[in-house]
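Below: sequence and its predicted model.
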Amino acid sequence: RHRWARTVWASGLGAAGAAVQGPASAGPVGLIGCWMGGTIAFLGATRLLGLGAAVGYYGGRIVAFADEKPKCPVQLHFGEKDASIPMTDVEIIKQKRPDVEIFVYKDAGHGFHCDERGSFHKDSCDVAWKRTTDFFPKHMKKELDAPAAAMSPDARRKTERPDGFGGGRTAQNRGNSLAA
């Protein structure tokens, strides 16, 4: 399992790095990740140069990397009722990373942002998404495409390509697949 995790981290960071190295005329790159992608978003912020901002949702392994200092602004989202991420881990992250915006959603569990899961929690999802879409323009030099940033998770899913990857320059990690 340890070797598999290292491969996933390296693969995700490699894809994020490729997005960062894309044409500069397209503007800065932001990284969003959920589940394992939440940890990859955090690692991208700590290990990649040129990333504009990163947002992670319920990244369960972030605590293992919490000593690493982000090179760009970071925002993290956790569900208080997440059975796979102890709140003690979130407190450790808060303690070690006071430079990171961290939000905990009282009534949310793991996967609260995914409307295809039983753990989807609309109220928490809506608040977290608003915070996310406010975060990127605030911290990146060139504002993201406003219509795409303002979409709800459901609307975003309906406009994505069939392979599950969205367009634009915000790299979004879903589990272990990352695209720019």
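That came through, no problem.

Now the element after the helix or strand harbouring Gly52, going C-ward?
Taking DSSP states H and E as the definition, one finds Gly52 inside strand 51-57. Per DSSP H and E, the first helix or strand lying C-terminal to strand 51-57 is strand 74-79.

what's that next one packed up against?
Packing partners of strand 74-79 (3 or more Cβ pairs under 8 Å, 6 or more residues apart in numbering; DSSP states H and E): helix 36-47, strand 51-57, helix 87-96, strand 101-105, helix 122-139. Yep, even glycine has a C-beta here, placed from its N, CA and C like the rest.

what's in contact with it?
38, 41-42, 45, 53-59, 62, 85, 87, 90, 93, 97, 99-105, 108-110, 112-113, 119, 121, 124, 128, 131-132, 135 (Cβ atoms under 8 Å, 6 or more residues apart in numbering).

and it, which strands flank it?
strand 51-57 (parallel), strand 101-105 (parallel) (DSSP bridges).

just the angle between it and helix 87-96, please?
160 degrees (axes from the mean of the first three to the mean of the last three Cα atoms, to 10 degrees).

I'd like the mean pLDDT over strand 74-79, please.
Strand 74-79 shows a mean pLDDT of 98.

could you dump the helices and strands packed on strand 74-79 to JSON lines with mean neighbour count and mean pLDDT?
Supplementary listing: the helices and strands packed on strand 74-79 in JSON lines, determined by neighbours: other Cβ atoms under 10 Å; pLDDT from 0 to 100:
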{"stretch": "helix 36-47", "mean neighbour count": "26", "mean pLDDT": "95"}
{"stretch": "strand 51-57", "mean neighbour count": "27", "mean pLDDT": "96"}
{"stretch": "helix 87-96", "mean neighbour count": "15", "mean pLDDT": "98"}
{"stretch": "strand 101-105", "mean neighbour count": "17", "mean pLDDT": "98"}
{"stretch": "helix 122-139", "mean neighbour count": "17", "mean pLDDT": "96"}
